[in-house]
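Peer 1: fold the following for me, if possible:
(one chain, ligands or ions: 1)
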Amino acid sequence: MPRSYLQEARRRVGPKKERIRPVIERLAVEHADAAIALRFRSPLELLVSVMLSAQTTDVNVNRVTPALFEKYRRPEDYLEVPQEELERDILPTGFYRQKTKSLRGAMRMLLEDFDGEVPRRLEELIRLPGVARKTANVVSSELGETQGIVVDTHVRRLSQRLGFTRQKDPVKIERDLVRLVPRPDWARLPHLLIWHGRRVCDARRPRCEDCVLHDLCPSSRV
Ligand code: SF4
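Peer 2: Okay, here's the model as predicted:
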């Protein structure tokens, strides 16, 4: 989009501080069912699911985890089988060698440093091998200890299109969002943006004509 057009669009929709609340409220009505799509029954299953979801879809992870979680119930279980066996068990999620290494490293640290329990604090979660900031943010948020805002590909794209950030780097985008978004909404905003991204604001073909945010969005094509 030409710069002058973008500036004009930003003026038309008004400052982001005034738009953030109506954006969240409208998305909450539109996507009342927005929640994490991964299926898990415990903090350990949550951690493993989120680690497996790197570079693949949640649907794909959900296909693998029912059998996986029947077989691997405790952190020890991931360490007691030969590495190749765990690789085979998570193979359909892709990058299975790296993921196996990360899972086993994380399980070892859970046992050595956290009494076998999944920590809830961000600074502890990011110490686990293979757990980057996004994974840690998802886990701590789902466990009720939200300390940041999850930035995945949808959150990144929508935050940019909605004019909430001009950054490209996820850490800088998160920094912009935590300044803008009221703290009680830190956990639910990513779910709302992810679901809106999947259903309406597609990466290639955003359906602006059907979007409840079109009058609040500087990138609207309507
Ligand atoms: S108006 Fe268009 S670009 Fe803006 S959020 Fe909606 S679908 Fe995305």
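Peer 1: so, low pLDDT: which residues of the chain?
Peer 2: 1-3 (pLDDT under 70).
Peer 1: what residues does it have near the ligand?
Peer 2: 161-162, 200-201, 206-208, 211, 213-214, 217, 219-220 (C-beta under 6 Å from any ligand atom). All C-beta spots, glycine's among them, are computed from the backbone N, C-alpha and C.
Peer 1: turn those into CSV, columns for distance to Val138 and secondary structure.
Peer 2: Converted to CSV, the residues of the chain next to the ligand look like this (distance: C-beta to C-beta, whole Å; DSSP: H, G, I helix; E, B strand; the rest coil):
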residue, distance to Val138, secondary structure
Arg161, 22, helix
Leu162, 21, coil
Val200, 22, coil
Cys201, 20, strand
Pro206, 25, strand
Arg207, 27, coil
Cys208, 29, helix
Cys211, 26, coil
Leu213, 24, coil
His214, 29, helix
Cys217, 26, coil
Ser219, 26, coil
Ser220, 29, coil
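Peer 1: top helix in this structure by residue count?
Peer 2: helix 96-113 (DSSP state H).
Peer 1: can you list the buried residues in it?
Peer 2: Buried residues in helix 96-113, counted by 16 or more other C-beta atoms under 10 Å: 96, 99-111.
Peer 1: again, but for stretch 176-189
Peer 2: 176-177, 180-181, 185-189.
Peer 1: how far does it sit from the chain's center?
Peer 2: Centroid displacement of stretch 176-189 relative to its chain, using C-alpha atoms, centre = their mean, to the nearest Å, is 14 Å.
Peer 1: that stretch: end-to-end distance?
Peer 2: One end of stretch 176-189 to the other measures 14 Å (C-alpha to C-alpha, to the nearest Å).
Peer 1: quick one: residues in contact with it.
Peer 2: 16-17, 20-21, 24, 28, 34, 141, 146, 148-149, 151, 155, 159, 164-165, 167 (C-beta atoms under 8 Å, 6 or more residues apart in numbering).
Peer 1: ranges for the helices of the protein?
Peer 2: 3-13, 16-30, 43-52, 58-71, 75-80, 83-90, 96-113, 122-125, 133-142, 153-161, 170-180, 188-199.
Peer 1: rewinding a little: just the buried ones from the contacts of stretch 176-189?
Peer 2: 16, 20, 24, 34, 141, 146, 148-149, 151, 155, 159, 164-165, 167.
Peer 1: show me how the chain divides into domains.
Peer 2: As recorded under automatic domain parsing, the domains making up the chain are 3-30+148-216, 43-142.
Peer 1: what about the residue nearest to Ser219 when sequence neighbours are not counted, how many neighbours?
Peer 2: Nearest residue to Ser219, sequence neighbours excluded (C-beta to C-beta, 6 or more residues apart in numbering): Arg161, at 4.1 Å. Residues near Arg161, counting by other C-beta atoms under 10 Å, number 17.
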